[in-house]
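S.K.: sequence? don't have it. structure:
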């Protein structure tokens, strides 16, 4: 819908691509987190590309810069390469979908475009889930 798209574009224009936090919140998207003394320009540039499909955070701390992808109820995955826009894009693309989750209309295309194997099962009514569970 046009109004929703306009609101999203406005939000992108006024909100930062990376939020500095002390503690990383749980979100419904992939959380991409940089732990570093300073916000790296390469991280910021990658965040601008992926901001609609993931949440980007910066946690200020001493030591070597590290980047992680974290999904709710999963262990964080550490980025092992040199922090550059292209390598961050590749890393986020590989880890943008969770290993376990509910398959619904809103995320169906994301799961399908991940090009990973998909195993799904129908969860009976009355259980803790209401729909299809998907495991990549």
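M.R.: Good, I have the coordinates. Bear in mind the structure is a predicted one, so any value in this text is a computation, not a measurement.

S.K.: ok, residue 112 - contacts?
M.R.: Each residue near residue 112 by C-beta atoms under 8 Å, 6 or more residues apart in numbering is listed here: residue 118. No exception for glycine: its C-beta is placed from N, CA and C like everyone else's.

S.K.: what helix or strand does it sit in?
M.R.: Element membership for residue 112, per DSSP states H and E: helix 108-113.

S.K.: quick one: buried residues of that helix?
M.R.: 110, 111 (16 or more other C-beta atoms under 10 Å).

S.K.: distance between that helix and the chain's centre?
M.R.: Relative to the centre of its chain, helix 108-113 is centred 14 Å away, using C-alpha atoms, centre = their mean, to the nearest Å.

S.K.: per-residue confidence at residue 6?
M.R.: At residue 6, the pLDDT value in this model is 74.

S.K.: The one 5 residues further on now?
M.R.: In the prediction, the pLDDT value recorded for residue 11 is 70.

S.K.: Give me the distance between it and residue 46.
M.R.: 19 Å (C-beta to C-beta, to the nearest Å).

S.K.: how about the nearest residue to the residue nearest the centre of the chain, chain neighbours excluded?
M.R.: Nearest to the mean C-alpha position of the chain, by C-alpha atoms, centre = their mean, lies residue 30 at 2.0 Å. Spatial nearest neighbour of residue 30, excluding adjacent residues (C-beta to C-beta, 6 or more residues apart in numbering): residue 54 at 4.2 Å.

S.K.: what's around that neighbour, how many residues?
M.R.: 19 (other C-beta atoms under 10 Å).
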